[in-house]
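Dropping a prediction and its sequence here:
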Amino acid sequence: MKQYSNRVSRMGFSQTFVMSNKVREMKAKGIDVISLTLGEPDFDVPDNIKQAAFDAINQNYSHYSPVPGFLELREAVAKKLKRDNNLDYRPNQICVSNGAKQSILNVLCSIINDGDEVILPAPYWVSYDEMVKMLGGVPVYVETSIETEFKITAEQLEATITPKTKALLYSSPCNPSGSYYTREELKSLATVIAKNPIITVISDEIYEFTNYDGKHVSMAEFPEVYEQTAVINGMSKAFAMTGWRIGYSACPTWLATACEKIQGQMTSGANTMAQRASIVALETNPKEYHYMIEAFAKRRELVYNLLKEIPGFKVNYPKSAFYFFPDISFYLGKTICGKTINNADDFAMLLLEEAFVGTVGGVSFGNPNCIRFSYATSEENLTEAMRRIKEFLEKIQTF
Ligand code: PMP
Ligand code: GLU
């Protein structure tokens, strides 16, 4: 007899991994599928970072590290936050975890009680919603649209706050929309948050470096909300280190201590070799890794121009991250190849099965009208994927 906890029953699988697994299974059967599912850079880890990991093995960094991470790494994170974001943090405010995903979960575990509300501007990253539900919290969605670059306003935020609101959780740059909040926009949100001292802002900045305008702003830059903000970042996207599983949070001290407490009972801390390598990554001049951002910027142009040509797609020009999130509502309610398309997930399945391109439908991102394309893959793959989708959709238009 299956004896699931209520916790596991009320949450869903990660849709990003569900779709990428489907692609993997099709490929294993010899089917030629192009995956634009997972958001992970296709680059190799830079050589100096790899060398630091080899060195760490040879230097026998094989024992437990302090639970929140090696002091040298927390110092490197603090220096990075000063260098890139003009933020002041002490090492005891930083907790290094198994990916930014765990950093977010640590913070949520530290503050959410049953029934507490967490505001999620939609579209949001798939795991936010499920993490909140897992912890017994209540996600409260704020709707946006492609016309407003999928961003919320201070008025919307204010209208959503209730006495039960415990947190605001968003990513800027945003996965999946590719938008980012400007300084003025964040300032207006900060003004609302500062009036509600019980609210913690979880500011997920993992796509900071893929801000093509170079204008990343952190919520923690506003002194009035510094004590209410948890900054989340990590190595996955900036250094193509997704599999190395290193992320971090920078919080007010009470919250950092709570994260350490949780982590000390849950994982004992992050992998030591990856931590040592992360010190080198963070201490290297970001210019050394700029080639990845340049490649993403080029791919963005390529995909934008090809996506615009696809019938029935409404596309905006994302200014950051490495995703497109076109509105495909033109196809909703239609029956295509014998399948009724009720929402964007049905449409993503259609593209996978009929055009052999893997994407992720927007339902689990909180927007059933859009699908997400990750363009963190080669220009060749991107061109071919767009060709397949266009050809398929043009063909069905003629029926
Ligand atoms: N936040 C956002 C917005 C993401 O897209 C991801 C996916 N990588 C994460 C957090 C988690 O990243 P990781 O756990 O690999 O550091
Ligand atoms: N964050 C990436 C994505 O959105 C990787 C998968 C995941 O962690 O959900 O595709």
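Now that the structure is in, tell me what you want to look at. Ligands and ions are numbered 1, 2, ... in the order given.

Excluding chain neighbours, what is closest to Ser177?
The shortest distance from Ser177 to any non-neighbouring residue, by C-beta to C-beta, 6 or more residues apart in numbering, is to Phe150 (3.8 Å). To be clear about C-beta, it is placed using only N, CA and C from the backbone, and glycine gets the same treatment.

And Tyr181, by the same measure?
Using C-beta to C-beta, 6+ apart, the nearest residue to Tyr181 is Ser172, at 4.5 Å.

Next, work out how far apart the residue minimising distance to the centre of the chain and ligand 2 are.
Most central in the chain under C-alpha atoms, centre = their mean is Asn175, positioned 4.7 Å from the mean C-alpha point. Between Asn175 and ligand 2 the distance is 5 Å, computed by C-beta to the nearest ligand atom, to the nearest Å.

With ligand 1 as the reference, measure out to the residue nearest to Tyr181.
From Ser172 to ligand 1 the distance is 9 Å (C-beta to the nearest ligand atom).

and that residue, what pLDDT?
According to the prediction, Ser172 has pLDDT 98.

Can you give me every residue that contacts it?
179-181, 186, 203-205, 217 (C-beta atoms under 8 Å, 6 or more residues apart in numbering).

Who wins on neighbours among those?
Within the contacts of Ser172, Asp204 tops the neighbour count with 29 neighbours, counted by other C-beta atoms under 10 Å.

And that residue, its phi and psi?
phi -90, psi 110 (degrees, to the nearest 10).

I'd guessed it sits against Leu169; true?
Yes - taking contacts as C-beta atoms under 8 Å, Asp204 lies within contact range of Leu169: 7.3 Å.

Return every residue with contacts to both of the two.
Ile104.

since we're on the residue in the chain that ligand 1 sits nearest to, how many residues are nearby?
Using C-beta to the nearest ligand atom, Gly99 is the residue of the chain that sits closest to ligand 1, at 2.6 Å. As a burial measure, Gly99 scores 21 neighbours (other C-beta under 10 Å).

Can you check the pLDDT for it?
pLDDT, Gly99: 98.

again, but for Phe399
So, for Phe399, pLDDT stands at 51.

any idea how far the spatially closest residue to Cys370 that is not a sequence neighbour is from Tyr180?
Spatial nearest neighbour of Cys370, excluding adjacent residues (C-beta to C-beta, 6+ apart): Gly362 at 4.0 Å. The gap separating Gly362 from Tyr180 is 19 Å, by C-beta to C-beta, to the nearest Å.

for Tyr61, same thing?
The value you get for Tyr61 to Tyr180, if C-beta to C-beta is used, is 36 Å.

Ala52 too?
30 Å.

any idea how far the residue nearest to Ser177 is from Ala159?
On the measure of C-beta to C-beta, Phe150 and Ala159 end up 18 Å apart.

ranges for the helices of the stretch 51-200 of the chain?
71-85, 99-111, 126-134, 154-160, 183-194 (DSSP state H, counting those that start in this stretch).

out of those, deepest packed?
helix 99-111 (a mean of 24; mean count of other C-beta atoms under 10 Å).

So Ser364 sits against Gln15, correct?
Yes - the pair Ser364 / Gln15 is scored as a contact, 3.8 Å apart, by C-beta under 8 Å.

Give me the pLDDT for Lys2.
87.

Number of residues surrounding it?
The burial count for Lys2: 4, using other C-beta under 10 Å.

just Ser14 next, same as before
17.

If Asn211 is in a bridge, with which residues?
Ser320 (DSSP bridges).

so how far is Lys237 from it?
Asn211 sits 11 Å away from Lys237 when distances are taken as C-beta to C-beta.

Gly264 too?
Counting by C-beta to C-beta - Gly264 and Lys237 are separated by 27 Å.

Pick out whichever of these two has more residues nearby.
The residue with more neighbours, out of Gly264 and Lys237, is Lys237; 25 against 13, by other C-beta under 10 Å.

mind listing what the more buried one touches?
So Lys237 contacts 39-41, 206-207, 209-210 (C-beta under 8 Å, 6+ apart).

Dump those residues to a markdown table, plus distance to ligand 2 and pLDDT.
Converted to a markdown table, those look like this (distance: C-beta to the nearest ligand atom, whole Å; pLDDT from 0 to 100):
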| residue | distance to ligand 2 | pLDDT |
| --- | --- | --- |
| Gly39 | 3 | 95 |
| Glu40 | 6 | 95 |
| Pro41 | 10 | 97 |
| Ile206 | 8 | 98 |
| Tyr207 | 10 | 98 |
| Phe209 | 15 | 96 |
| Thr210 | 13 | 96 |
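
can you narrow these to ones near ligand 1?
Residues of those in contact with ligand 1 (C-beta under 6 Å from any ligand atom): 39, 206.

thinking again about what came up before, just give the number of residues close to the residue nearest to Cys370.
28.

likewise the one 3 residues further on?
Other residues near Phe365 come to 28 when the count uses other C-beta under 10 Å.

Would you confirm that it contacts Arg372?
Yes - counting by C-beta under 8 Å, Phe365 touches Arg372, with 6.5 Å between them.

Now the common contact residues for the two.
176, 325.

What is the lowest-mean-pLDDT helix or strand in the chain packed up against?
Sorting the helices and strands of the chain by mean pLDDT, DSSP states H and E puts helix 6-9 at the bottom, at a mean of 92. On a contact count with 3 or more C-beta pairs under 8 Å, 6 or more residues apart in numbering; DSSP states H and E, helix 6-9 meets no helix or strand.

And for it, what's in contact with it?
134-136.

Nearest spatial neighbour of Tyr61, chain-adjacent residues omitted?
Thr272 (4.5 Å).
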